[in-house]
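[1] Sharing a model that was predicted from the sequence below.
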Amino acid sequence: MLIRWIGILLVSAGFSGSATARDVATSLAPAMKLGEARHALVIGNAAYMQSPLRNPLNDARAIAKELSAAGFVVDLLEDATQVGMQRAIRRFGDRLQEGGVGLFYYAGHGMQVKGRNFLMPVNADIDREYEIEYSSVDVNMVLSMMDTARNPLNIVILDACRNNPFARSFRVAATGLAQMDAPAGTFIAFATSPGAVAADGTGSNGVYTKHLLQQIRVPGQKIEQVFKQVRIGVIAETRGEQTPWESSSLRGEFQFLPDTRPAAQALPPAGLAAFEELLRRDREARREETEKQIRDALERQRIEFAQQGFRATPEPATPPPAPVKAEPAIIASVAPPAITAAIDARLPQAGDRWTYRLVQPRQKGAMVDHSYEVLVVAASTTGVLDRASIDGGQPAEWAHPRGPYFMTQGLALFSPYLSVFEEIRVGAPIDKIVLRGQTGCQDRYSCNVTGRVVAREGLRTSAGRFDAYKVVIEQEWYPAQPAAYSADMWARRTLTVWYSPQLKRAIKYSSRVVSGTPPIDANFDLELLSYQLNQP
């Protein structure tokens, strides 16, 4: 699956059952009152004339049930026409003018056209792109209604990034939904990143819905924590293929359910100890699952390198190097207990994402511009498992173990998470650098690599200005056998890498050939354009 920038405003919920198409709203009485007025409009569209969907009705009913239990007065609309959706939104707006919290949830088809997002009624008859605006419901209509009501807090949840139902008639320029900024006092939840397409799901509910329902039921969680936990669960279950997204401008706090549990100090010691043990076991189980995921990836890489005949390059030596025993292609280091806690605090989180601009010179002075995207799938003290793609192409999954090393993955990267696993100090040398899968450092060539932390400086990129450590790497190629000497086989390049502890990754690479003709593409620049970091 391609790593794409996804665009959706949240996802569905879980509840089995089927229903006939209807354009009438079913009101669900709230099971409890939480002090403030709470109103919700929930829409599930599935019975489309083209590309009917399996789960939106189940999802909408489950969400409506949970919201009702959380004190919302819910209007549930199933298989709605355009007129039915517009009327329901109008009624919803009238209720919001009474004040309190408003929540709009939609599950069904949706698409973006020229940066605007549209929700598809089940009776949509669209044959040309320009007809979408007049045959569907603009999400901005919902946001404008909420803004007009002037109630203090609104939540928008949309599962509207499924495949284009009108693909046989035409193709829109962009997939999924477009990114949206939340108006003041509004929280918008995206089931996945802007521009991506989410699956309808093979069970009675989608992956996102399953995790969303679990978190809504947790008493005392603030809304930001609810969706953070949903994001972590979805990323882990889909192995990074779906990344939930949020946009918020909330000025107050909100909880779906109040925390009715007794204060910890009021619990008897035995009960408190049992509760803490439960939490500890849960954390440990998650840690072990992440650790296994990374170690399995490292083992796959070791086998892949062995099958391809790659070997690790030994310590730098004066050419020609003395014969040494080759090391395993991938070495999974284990952090000593004394530094494990320190590494834990620096680790990136599943769902962290960085987007770079990759510039490579070509013949006759032409420059080739690419987008290089990286998504974290899992992270532990053993390594970081991520997925990277160039220009939205087929992603390459890689587990980066601890320690400084080179690795070829489309271009030669030097230890992108070095500042996570190493204590970087200005003036300190970079310890032994291992070459893994480096074309040109096998058979015909030998390589010397040295590195040093040369400075700590402010660095400005398109993503902002950051405090960074500057590391300079010198790499040299020369003939592995003196008899194979050829002048063009001697080459040197300098690679400069800037690390931001704040961003938990390298934010800029600059590679330049110093002399000769290296056996790899050694001239390139990689600079951070944007990023998204989840809070630990």
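    Sure thing, it's come through. Residues are numbered from 1 along each chain as shown.
[2] okay, which residue is most central for this protein?
    G351 (3.4 Å; C-alpha atoms, centre = their mean).
[3] where's the closest residue to R493 other than its chain neighbours relative to W490, distance?
    Nearest non-adjacent residue to R493, counting by C-beta to C-beta, 6 or more residues apart in numbering: A522, 4.2 Å away. Where C-beta positions appear, they are placed from N, C-alpha and C, glycine not excepted. Going from A522 to W490 by C-beta to C-beta, to the nearest Å gives 14 Å.
[4] Could you do D467 as well?
    D467 sits 38 Å away from W490, going by C-beta to C-beta.
[5] what does I433 give?
    19 Å.
[6] Domains in the protein, by residue range?
    Residue ranges for each domain of the chain read 25-252, 297-532, as given by automatic domain parsing.
[7] out of those domains, deepest packed?
    Across these, averaging neighbours per residue (mean count of other C-beta atoms under 10 Å) puts domain 25-252 on top, at a mean of 20.
[8] Show me where the chain has its helices.
    In chain order, the chain shows helices spanning 56-69, 82-96, 132-135, 139-149, 207-216, 223-238, 269-308, 337-346, 418-421, with DSSP state H as the criterion.
[9] and those as TSV, adding mean pLDDT and distance to I507?
    Converted to TSV, these look like this (pLDDT from 0 to 100; distance: least, C-beta to C-beta, whole Å):
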stretch	mean pLDDT	distance to I507
helix 56-69	91	39
helix 82-96	93	43
helix 132-135	84	39
helix 139-149	91	34
helix 207-216	84	30
helix 223-238	86	22
helix 269-308	78	23
helix 337-346	57	15
helix 418-421	90	10
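[10] Can you lay out those as TSV showing distance to E246?
    Formatted as TSV, the helices of the chain follow (distance: least, C-beta to C-beta, whole Å):
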stretch	distance to E246
helix 56-69	17
helix 82-96	21
helix 132-135	26
helix 139-149	15
helix 207-216	12
helix 223-238	5
helix 269-308	22
helix 337-346	24
helix 418-421	25
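[11] Which among the ones you listed is found nearest to A46?
    Relative to A46, the nearest member of the helices of the chain by C-beta to C-beta is helix 56-69, separated by 4.3 Å.
[12] Show me what that closest one is packed against.
    Here helix 56-69 touches strand 25-28, strand 38-44, strand 73-78, strand 101-107, strand 153-159, helix 207-216, going by 3 or more C-beta pairs under 8 Å, 6 or more residues apart in numbering; DSSP states H and E.
[13] Going by mean pLDDT, which of these comes out lowest?
    Of all the helices and strands packed on helix 56-69, the minimum mean pLDDT falls on strand 25-28 (a mean of 40).
[14] Which residue, other than its chain neighbours, is closest to L41?
    Spatial nearest neighbour of L41, chain neighbours left out: F92 (4.2 Å); criterion: C-beta to C-beta, 6+ apart.
[15] Show the contacting residues for that neighbour.
    Shown in contact with F92 (C-beta atoms under 8 Å, 6 or more residues apart in numbering): H39, L41, D75, G102, F104, M145.
[16] Which members of those residues are the farthest-apart pair?
    Top of the distance list for the contacts of F92 (C-beta to C-beta): D75 and M145, 13.4 Å.
[17] so which of the domains of the chain comes closest to E276?
    Closest to E276 of the domains of the chain, according to C-beta to C-beta: domain 25-252, at 16.7 Å.
[18] Can you give the distance of that closest one from its chain's centre?
    Relative to its parent chain, domain 25-252 has a centroid offset of 20 Å by C-alpha atoms, centre = their mean, to the nearest Å.
[19] Which parts of the stretch 401-536 of the chain are strands?
    Along the stretch 401-536 of the chain, counting by DSSP state E, counting those that start in this stretch, strands occupy 405-409, 411-414, 434-436, 445-461, 464-479, 491-500, 505-515, 524-532.
[20] So for R287, which of the domains of the chain sits nearest?
    Nearest of these to R287, taken as C-beta to C-beta: domain 297-532 at 6.9 Å.
[21] and the end-to-end length of that closest one?
    Domain 297-532 stretches 24 Å from its first residue to its last (C-alpha to C-alpha, to the nearest Å).
[22] mind listing what E527 touches?
    By C-beta under 8 Å, 6+ apart, the neighbours of E527 are Y356, R357, V359, T461, S462, I507, K508, Y509.
[23] what about 7 Å?
    By C-beta atoms under 7 Å, 6 or more residues apart in numbering, E527 lies in contact with Y356, R357, T461, S462, K508.
[24] How about the last one: which residues does it bridge to?
    I take that to be K508. In this structure, K508 bridges to W498, E527 when assessed by DSSP bridges.
[25] is it true that it touches S462?
    No - using C-beta atoms under 7 Å as the test, K508 is too far from S462 to be in contact (10.3 Å).
[26] Residues in contact with both of these two, list them for me.
    By C-beta under 7 Å, 6+ apart, the residues touching both K508 and S462 are E527, L528.
[27] The contacts of F92 into JSON lines, with extra columns for distance to G516?
    JSON lines is the format used below for these (distance: C-beta to C-beta, whole Å):
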{"residue": "H39", "distance to G516": "71"}
{"residue": "L41", "distance to G516": "67"}
{"residue": "D75", "distance to G516": "72"}
{"residue": "G102", "distance to G516": "66"}
{"residue": "F104", "distance to G516": "62"}
{"residue": "M145", "distance to G516": "66"}
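[28] closest to L418 among these?
    Set against L418, the nearest of the contacts of F92 by C-beta to C-beta is F104 (44.8 Å).
[29] Pretty sure that closest one sits against L41.
    Yes - the criterion here is C-beta under 7 Å, and F104 meets it with L41 at 5.2 Å.
[30] Can you pull the phi and psi angles for G393?
    Backbone dihedrals for G393, given as degrees, to the nearest 10, come out at phi -80, psi -170.
[31] any idea how far it lies from P348?
    G393 is 23 Å from P348, by C-beta to C-beta.
[32] Which of the helices and strands in this protein ranks last by mean pLDDT?
    Ranked by mean pLDDT, DSSP states H and E, the weakest helix or strand in the chain is strand 25-28, scoring a mean of 40.
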